[in-house]
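Visitor: give the three-dimensional model of this entry:
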Amino acid sequence: MADEHGNQVPWLLFARKHQVSSSHGYQVPQTSLARAADVAKVLADYHVENVVLNACLSAYNHTGPTTNLAHIFLESGIQNVSAMWFYVHWQTVATYLDAFYNELLIKGTDFHLAAQRGRDAIQQNPTSRTGRPYQDFFLCVNYSRDIRRPGAIQREPSPTPSAHSAGSSTSNASMKSFMSGVWRPSTPRLSDSFLIGDEPIMRLKLHLLELEYKLMTFRVVYASDLRRAGSDLHATIEKMVGMWLNTNLIDDVFYYKAKDFAKRKLLTDTVSYREKRTRASNGGYLQLLFPRPVRALRQTLHIIRDVDSVVDPGWQADDVDNQRSEERRFQVQEGLQRFAQRLHKEGHSYLLFIGSQDAQWWRTYLQHLNGEWWLHMPWNFTVHSRYTRDVKLRAEKRKQNPRTTG
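Guide: The predicted structure follows:
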């Protein structure tokens, strides 16, 4: 994300403690942003020696070393940093950190030896989804900083993919930074995931991360652009879908129109989709690292279009049209509720509506689906700043165009 000078620098997003309101339901927690370099400086000033970046892509060079979180913490004076190369399943992280912290904090084991114990735990404990051991080629990367002997520093290498697959082109070599005397691995390129397809590389901004967070948390999301000119919501969703398919978050994407949910099969209670997208058989980016197919973290994403006019058709001059619209609205609402209930119960799919209404409209017509509303509008530095900005713009326009009374 760009700083006040327009330079791309890493930021850390902290969630504040929040209370769940019984009257308004779940509220997305308030957050605060801090520049990664500022956080690193505070930790170094307090002589913190070890830092664990429990975040996907925390060891990824987005545009160079200046956007690598681990590199920034080392340059600030942190002695040891543990970070991640790519997207990591939460179960893998939990297994790793449980063993790592037990060794480091309870037994007092050396940082890098504790990290090795964490890797051993990953390989010894099979995943509950596939029954096969985890593989950590993309999981943990350990960095060291030794001011006294910078030339002798080497990180403990992860098992290379080539050890398991001779056809793999991924390298696990390391190179030395002349600025800090730190050995760091050559980072896998995210663009490798798009070599076979023509999907563009997306740089996720905060409001897009908010969409992904809400989708993974609530499973049902209504995405809106509030009819803003130039928002291009449909194009943004398609780019996100391409990224989710390439990173194995989902296997398949099914597209519907809202009126399709009034045409259900009475016996099977299924809805026929209009379009379908499927992740590449090569497994996207992760398949570059694994010799066997990589399973997606979730199964399907269902995208429903044209929902606004169906569940809120309004009133026409013709009574027959009004009755027909009302009957269809009732059938669609009933079909959507059954569909959402089944999705929540199965717990392996997502539902995304594409519309243009505000949060109040969502609460009136679709809140019973137990989902969340999302706005397609880039954040500034806080969520509230975009509201403040819009209020100021409207106030300035009113000043420029004063009303006259006669």
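
Visitor: and for residue 12, the neighbour number?
Guide: By other C-beta atoms under 10 Å, 17 other residues sit near residue 12. Any C-beta I mention is one placed from the backbone N, CA and C, and that applies to glycine too.

Visitor: quick one: residues contacting it.
Guide: By C-beta atoms under 8 Å, 6 or more residues apart in numbering, the contact set of residue 12 is 33, 34, 35, 36, 39.

Visitor: recalculate using a threshold of 6 Å.
Guide: Residue 12 is in contact with 34, 36, 39, counting by C-beta atoms under 6 Å, 6 or more residues apart in numbering.

Visitor: kindly report the same for residue 279.
Guide: When contacts are counted by C-beta under 6 Å, 6+ apart, residue 279 touches 245, 251.

Visitor: residue 300 versus that one, what's the distance?
Guide: From residue 279 across to residue 300, the span is 11 Å (C-beta to C-beta, to the nearest Å).

Visitor: repeat for residue 368
Guide: 22 Å.

Visitor: more neighbours, these two?
Guide: The residue with more neighbours, out of residue 368 and residue 300, is residue 300; 19 against 11, by other C-beta under 10 Å.

Visitor: isn't the more buried one right next to residue 249, touching?
Guide: No - checked against C-beta atoms under 6 Å, the pair residue 300 and residue 249 is beyond contact range at 10.9 Å.

Visitor: helices of the stretch 301-406 of the chain, start to end?
Guide: Taking DSSP state H, counting those that start in this stretch to define them, one finds helices in the stretch 301-406 of the chain at 308-311, 319-346, 359-365, 383-400.

Visitor: should've said the stretch 1-150 of the chain
Guide: Applying DSSP H, counting those that start in this stretch to the stretch 1-150 of the chain gives helices spanning 36-45, 69-75, 90-101, 111-124.

Visitor: quick one: the longest one to helix 90-101, angle?
Guide: To tie it back to what came earlier, the one meant is helix 111-124. Orientation of helix 111-124 against helix 90-101 (axes from the mean of the first three to the mean of the last three C-alpha atoms, to 10 degrees) gives an angle of 140 degrees.

Visitor: CA atoms only: put helix 111-124 into PDB for me.
Guide: Output of helix 111-124 as PDB, limited to C-alpha atoms (Å, rounded to 0.1, in the frame of the first residue of the first chain):
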ATOM      1  CA  PHE A 111      15.100 -20.300  17.500                       C
ATOM      2  CA  HIS A 112      16.100 -22.300  14.500                       C
ATOM      3  CA  LEU A 113      16.100 -25.600  16.200                       C
ATOM      4  CA  ALA A 114      12.600 -24.800  17.500                       C
ATOM      5  CA  ALA A 115      11.600 -24.000  13.900                       C
ATOM      6  CA  GLN A 116      12.900 -27.400  12.800                       C
ATOM      7  CA  ARG A 117      10.800 -29.100  15.500                       C
ATOM      8  CA  GLY A 118       7.800 -27.200  14.100                       C
ATOM      9  CA  ARG A 119       8.500 -28.600  10.700                       C
ATOM     10  CA  ASP A 120       8.900 -32.100  12.100                       C
ATOM     11  CA  ALA A 121       5.500 -31.800  13.700                       C
ATOM     12  CA  ILE A 122       3.900 -30.800  10.400                       C
ATOM     13  CA  GLN A 123       5.400 -33.800   8.600                       C
ATOM     14  CA  GLN A 124       4.400 -36.200  11.400                       C
END
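
Visitor: for the helices of the stretch 301-406 of the chain, which has the smallest mean pLDDT value?
Guide: For the helices of the stretch 301-406 of the chain, mean pLDDT drops lowest on helix 383-400, to a mean of 52.

Visitor: before we move on, back to that, could the helices of the stretch 1-150 of the chain go into a markdown table alongside mean neighbour count, mean pLDDT and distance to residue 378?
Guide: Supplementary listing: the helices of the stretch 1-150 of the chain in a markdown table, determined by neighbours: other C-beta atoms under 10 Å; pLDDT from 0 to 100; distance: least, C-beta to C-beta, whole Å:
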| stretch | mean neighbour count | mean pLDDT | distance to residue 378 |
| --- | --- | --- | --- |
| helix 36-45 | 16 | 88 | 20 |
| helix 69-75 | 24 | 82 | 22 |
| helix 90-101 | 18 | 81 | 27 |
| helix 111-124 | 18 | 82 | 37 |
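
Visitor: of all these, which lies closest to residue 237?
Guide: Of all these, it is helix 90-101 that lies closest to residue 237, at 24.5 Å by C-beta to C-beta.

Visitor: give me the residues contacting the closest one.
Guide: Here helix 90-101 makes contact (C-beta under 6 Å, 6+ apart) with 114, 117, 118, 121, 122, 125, 134.

Visitor: for these, work out which two are farthest apart.
Guide: The span of those, defined through C-beta to C-beta, is set by 114 and 134 at 17.6 Å.

Visitor: next, count neighbours for the residue nearest to residue 328 when sequence neighbours are not counted.
Guide: In space, and not counting its chain neighbours, residue 328 is closest to residue 262: 5.2 Å by C-beta to C-beta, 6 or more residues apart in numbering. Using other C-beta under 10 Å, residue 262 has 18 other residues around it.
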